[in-house]
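*Asks:* for reference, the sequence and a predicted model appear below.
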Amino acid sequence: MSIENSPVQYLKGVGEKISKKLSKQLGVKTVADLLYHFPRDWEDRTYPTKISELKTNQTQTVRGKIEITSTGFYGKRLLFFKAVITDGTGSINAVWIRHYMRKYDVLKSLKDTIKVGSEIIITGSVKSDLWEKTINVSEHDLISNTEEDMTHTNRIVPLYPLTSEFTNRFFRGLVKQALSKHVGFFSESLPKKYLEKYGLCGIKQAIRDIHFPGSFADKEKARNRLAFDEFLSFQLKMEFIKQKMMKEVKEFKNSLTKELLTSFRINLPFKFTPAQKRVISEIFDDMLSPRPMNRLLQGDVGSGKTVVAVSAMLLAKESGYQSVLLAPTEILAEQHFLTVKRLLKDLPVKVSYVVGKMAKSKKLAVKKAISSGSADIIIGTHVLLEEEMKFKNLSLVVIDEQHRFGVDQRMKMRKKSGFKTVDLLLMTATPIPRTLGLTLYGDMSISTIDELPPGRISIKTLEMTEENAYNFVKERIRYNEQVFIVYPLVGDSEKLPARPVRSGGPLKSAIKEAENLGKTVFKDFSVGLIHGRMKLEEKEKIMSAFADKKYDILISTTVIEVGIDIPNATVMLIEHAERYGLATLHQLRGRVGRSDKQSYCILLSDTKMERARERIRVLLSTTDGFKIAEEDLRFRGPGEFFGTEQSGIPEFRIGNIFTDMAILRKTKDCAREMLMDNPALAISMLSKVSDDFLKNNLTTV
Ligand code: ADP
Ligand code: MG
C-alpha cells in the first residue's frame, strides 16, 4: 500500500479514537501526513551530564543506574514516582509527577518498567537544596541491552508542533514506528541528475533525518532537501503559468483614442509626476500589445497609484471594454468607489460597486449592470470572484494591495472575464524586497512609482502625553488646519481580538470620546464622528462635510486607514498606538501630509510591551514605506505579512522564503530546466500539487 493511502489508524497504539483526533487536530490522516508533520525544533540530548556536574535550574540529560524506587503523594492531588539514580560521580533523585485519578493507577506503567538495577537516561530540569539534587523528569528512555534505538533521550530529539492532547513522547513513538515500517516505500521524485546538480540528499534519508537526525548537519541536509521539494512545486507552478501565458494572445484589442483620457487629464487638479507618466506609458504599452499584460505596480502610500489605475481603466473603456478594480477589504473598495466616482464625475463612464454586505436587491441590480455591459468600471471585493458574477466583456483587472490576492484569484478573475485572457495590473504599497519579488513574482513585469507628488513635506512623527497632544491639536486648528483622532473601538460594547492591553486602563472608543471631547477639551471646536458601523451614504456625507471644513476634528476608527484624502488635514492623532500593526500605522499616517503644509502624526501610548514599543520606535524613525515593510516582515514573519489564507504564496511547511532565499533561487532554475528537458516529469510533479487551478489546466499544455 502506498503511504498516501495507508491510514495512521493501523499503526500500533492508534485506535479509531486517536486517529480521529490526529486527523481533526493535526490534519494527520495517513502515514504520509504523519511523516510530513515536521518537528518545530530539535533538542540536543546527545551527551549525558555527569551527576556531579549538573547545574541547578537547567534542563539537562543524565544517565545512570536505578538504585531505589518509591511512590507517594504530594498533597491531595499529585502522585510521585521516585528513583534514585547513580552514575559513579554522585546520585540524584529522579521524580515523575502525575495527577491522581481515582479510576486507575497513573503510576502503573512507570512501576512496571522502571526497575532497580536497570539503566536509564533522563532529561529534565534540575533542582537542588542543601542535601540533595532532584531532577523533574520530562522524558526518559530505558537502556535496553542492545543500546540502540533511543527515541526520547541520548540523541538529537525532535519536538513537534502539537495540541495539548498529544505528548511529544507519544508522537515521536508514532513517527519512529512509521519510519521503520514505511520509509522504504517513499519513492524518489527527483532524478539523480538533479540531486547531484543541486547537492541534495535522497528523499528517504531526508524524511528519516528530519525526524531523527544523527547530527545537526544531517538535519540541515534533510531540511534542505525537503525545502527544495516544497519550493520546487511552487516554482514549477509559477513557471508553468508563465509559459502558458507567454503563448497567449488577446482576443480583444485596445486602441488609444484619448476620447476620455484627455479630458480626464485636463480635469485633474494636478499634473502627473514624471514617475506616474512613466508607469502609465509602461502600462499602456502592455495594454496595446497583443500579449496579455501581467504587471505589478508598486509605490508607497500617497504616491498616487489610484489615478494610474483609473487611466488604465479609461483606456479599456475607450476601447469598448469593462474593467474591474478589486480591493481586499470592503472599506478599501468603498473608498475607491467614492474616489473614482469623484474623479470621473464629468465623464460618460458608469462606475459600479459591489461588496458582500450589500442588500440582495442592490447586488442583483449591479450583477445585471455587469452582465449587460452597462457598467464600465466595477469596483468591489472578492465577491466579484463569485460564481454568478458574469461580465459582458471584461478586459482589464486591477487588483489593489495584491499580496492579499494570490495566483489562484488572479486566474479565477481571468476565467470570468468572458475572454480567455485579460490584462492584469496588481498594485501594492508594501514593496517587496527586490530579490524576493523577483523570485516570487518572476512571472510579472514590475513598474515602480518612486517619487511622491511635488511639494510634499515629510510628516513629523511624535510621541506625546495626552494633554500636550490636545494642546497641540488646538494650536493647529487655530492655524485653520484639520485633525483626525483615531480610536481602536467604535463603541464600548465592542470586543477586540485578544492583544496585550495597555497598562493604563480600558480602551477608549470613538463614539464615547467624540461625545466626551466635544463637550470638554474641544468644546470650542466642531467635532465630527465617523466609524465602520455607519452606512455608506452616512460616511460619505461626513467625509464630504469634513472636506468642506465643517468639522475641525474628525474622530474615527481605522475606517480612514485607506483611501481618505483631505489635503487640509495636517494632524493624525492615534490613541492606543500600541494596538496597531506597523502597516496600519503607516497607512494611517499616510492620511496626512497630502499638501504643502507641514503635517504631524502623534502617537499616544503608555504601553510597556517591548514589541509594541519597538513598532512605535520604527514609526518614529522613518517614513519610508519600504523600510517599514521590511521591519514589518521582521516582526510578523512572512505568513502574516503576505496575509495567510488569501495569500497566493503557499504556507510552506519547512522552507522559509526569507532565510532560504538561496534554495528558492535554485528551485527556480531547476523548475525552468525541468520544464524544458523533461516536461513529462514536470507535469507529473505538478499533478501531485493539490491545486484546483492546476487540475483544470494541466491537460491544456
Ligand atoms: P496611493 O494609492 O498610491 O497611496 P493615492 O492614489 O491615494 O495614493 O494618491 C494620494 C494623493 O495624492 C491623492 O490625494 C491624490 O489625489 C494625490 N495625487 C496623486 N497624484 C498626484 C500628483 N501628480 N500631484 C499632486 N497630487 C497627486
Ligand atoms: Mg491606494
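*Replies:* Nice, I can see it. Ligands and ions are numbered 1, 2, ... in the order given.
*Asks:* so which bits of the protein are right by ligand 1?
*Replies:* 270-273, 276, 299, 301-307, 429, 453, 565, 594 (Cβ under 6 Å from any ligand atom). Any C-beta I mention is one placed from the backbone N, CA and C, and that applies to glycine too.
*Asks:* can you tell me which of the residues you listed are buried?
*Replies:* 272-273, 276, 299, 301-307, 429, 453, 565, 594 (16 or more other Cβ atoms under 10 Å).
*Asks:* mind telling me what element the residue of the stretch 451-600 of the chain found nearest ligand 1 is part of?
*Replies:* Using Cβ to the nearest ligand atom, the closest approach of the stretch 451-600 of the chain to ligand 1 is made by Pro453 at 3.3 Å. Using DSSP states H and E, Pro453 maps to neither a helix nor a strand.
*Asks:* could you point out the longest strand in the protein?
*Replies:* Secondary structure of the chain read by DSSP state E shows that its longest strand is strand 59-74.
*Asks:* what are the pairing partners of that strand, and which direction each?
*Replies:* strand 78-86 (antiparallel), strand 119-128 (antiparallel) (DSSP bridges).
*Asks:* what would that strand look like as CSV? C-alpha coordinates only.
*Replies:* Output in CSV follows, covering the C-alpha atoms of strand 59-74 (Å, rounded to 0.1, in the frame of the first residue of the first chain):
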residue,chain,number,x,y,z
THR,A,59,17.3,21.2,31.6
GLN,A,60,19.9,18.5,31.2
THR,A,61,20.3,14.9,30.5
VAL,A,62,21.7,12.3,32.8
ARG,A,63,22.4,8.6,32.6
GLY,A,64,22.7,6.2,35.4
LYS,A,65,21.7,3.1,37.3
ILE,A,66,18.4,2.8,39.1
GLU,A,67,19.1,2.1,42.8
ILE,A,68,15.9,2.5,44.8
THR,A,69,12.3,3.3,43.7
SER,A,70,9.4,4.6,45.8
THR,A,71,6.0,6.2,45.4
GLY,A,72,3.8,8.6,47.4
PHE,A,73,1.5,11.6,47.5
TYR,A,74,2.3,15.3,47.1
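*Asks:* so how far is it from its chain's centroid?
*Replies:* 45 Å (Cα atoms, centre = their mean, to the nearest Å).
*Asks:* please apply the same query to stretch 528-535.
*Replies:* Worked out by Cα atoms, centre = their mean, stretch 528-535 lies 28 Å from the chain centre.
*Asks:* residue ranges with poor pLDDT in the stretch 551-700 of the chain?
*Replies:* 561-564, 633-651, 688-700 (pLDDT under 70).
*Asks:* could you rerun that using 90?
*Replies:* The model of the stretch 551-700 of the chain has pLDDT under 90 over residues 557-567, 578-588, 590-591, 593-596, 605-616, 618, 622-662, 664-665, 668, 678-700.
*Asks:* show me the strands in it, by range?
*Replies:* For the stretch 551-700 of the chain, the strands defined by DSSP state E, counting those that start in this stretch cover 553-556, 569-574, 600-603.
*Asks:* now tabulate those strands in CSV and tack on mean neighbour count and distance to Phe80.
*Replies:* Listed next are the strands of the stretch 551-700 of the chain as CSV, based on neighbours: other Cβ atoms under 10 Å; distance: least, Cβ to Cβ, whole Å:
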stretch, mean neighbour count, distance to Phe80
strand 553-556, 27, 59
strand 569-574, 25, 53
strand 600-603, 24, 52
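*Asks:* those strands: which one's closest to Ser233?
*Replies:* strand 569-574 (42.2 Å; Cβ to Cβ).
*Asks:* how close does Ile3 get to ligand 1?
*Replies:* 49 Å (Cβ to the nearest ligand atom, to the nearest Å).
*Asks:* of the residues of the chain next to ligand 1, which belong to strands?
*Replies:* The strands, defined by DSSP E, take in Gly299 from the residues of the chain next to ligand 1.
*Asks:* which residues of the stretch 301-450 of the chain fall in strands?
*Replies:* According to DSSP E, counting those that start in this stretch, the stretch 301-450 of the chain carries its strands in the segments 322-326, 351-354, 377-380, 394-400, 423-428, 445-449.
*Asks:* tell me who's in contact with Thr558.
*Replies:* 486, 488, 532, 580, 584, 588 (Cβ atoms under 8 Å, 6 or more residues apart in numbering).
*Asks:* show me which of these are buried.
*Replies:* 486, 488, 580, 584, 588.
*Asks:* now for those: which two are most distant?
*Replies:* It's Pro488 and Leu588 that sit farthest apart of these, by Cβ to Cβ, at 11.4 Å.
*Asks:* walk me through the domains of the chain.
*Replies:* 1-41+158-186, 47-154, 460-622 (automatic domain parsing).
*Asks:* quick one: mean pLDDT for the shortest one?
*Replies:* Read that as domain 1-41+158-186. Here domain 1-41+158-186 scores 88 as its mean pLDDT.
*Asks:* just stretch 478-496 next, same as before
*Replies:* On average, stretch 478-496 scores 83.
*Asks:* using PDB, write out every CA atom in that stretch.
*Replies:* The C-alpha trace of stretch 478-496 is given here as PDB (Å, rounded to 0.1, in the frame of the first residue of the first chain):
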ATOM      1  CA  ARG A 478      -6.100  77.900  15.200                       C
ATOM      2  CA  TYR A 479      -4.000  77.900  12.000                       C
ATOM      3  CA  ASN A 480      -7.100  76.700  10.200                       C
ATOM      4  CA  GLU A 481      -5.900  73.100   9.800                       C
ATOM      5  CA  GLN A 482      -7.900  70.000  10.500                       C
ATOM      6  CA  VAL A 483      -7.300  66.900  12.600                       C
ATOM      7  CA  PHE A 484      -8.000  63.200  12.700                       C
ATOM      8  CA  ILE A 485      -8.200  61.400  16.000                       C
ATOM      9  CA  VAL A 486      -8.300  57.600  15.700                       C
ATOM     10  CA  TYR A 487      -9.500  55.200  18.300                       C
ATOM     11  CA  PRO A 488      -9.400  51.400  18.300                       C
ATOM     12  CA  LEU A 489     -13.000  50.800  19.200                       C
ATOM     13  CA  VAL A 490     -16.300  52.000  17.700                       C
ATOM     14  CA  GLY A 491     -18.400  51.800  20.800                       C
ATOM     15  CA  ASP A 492     -17.800  50.500  24.300                       C
ATOM     16  CA  SER A 493     -19.700  47.200  23.900                       C
ATOM     17  CA  GLU A 494     -17.200  46.000  21.300                       C
ATOM     18  CA  LYS A 495     -14.900  43.100  21.900                       C
ATOM     19  CA  LEU A 496     -11.400  43.300  20.400                       C
END
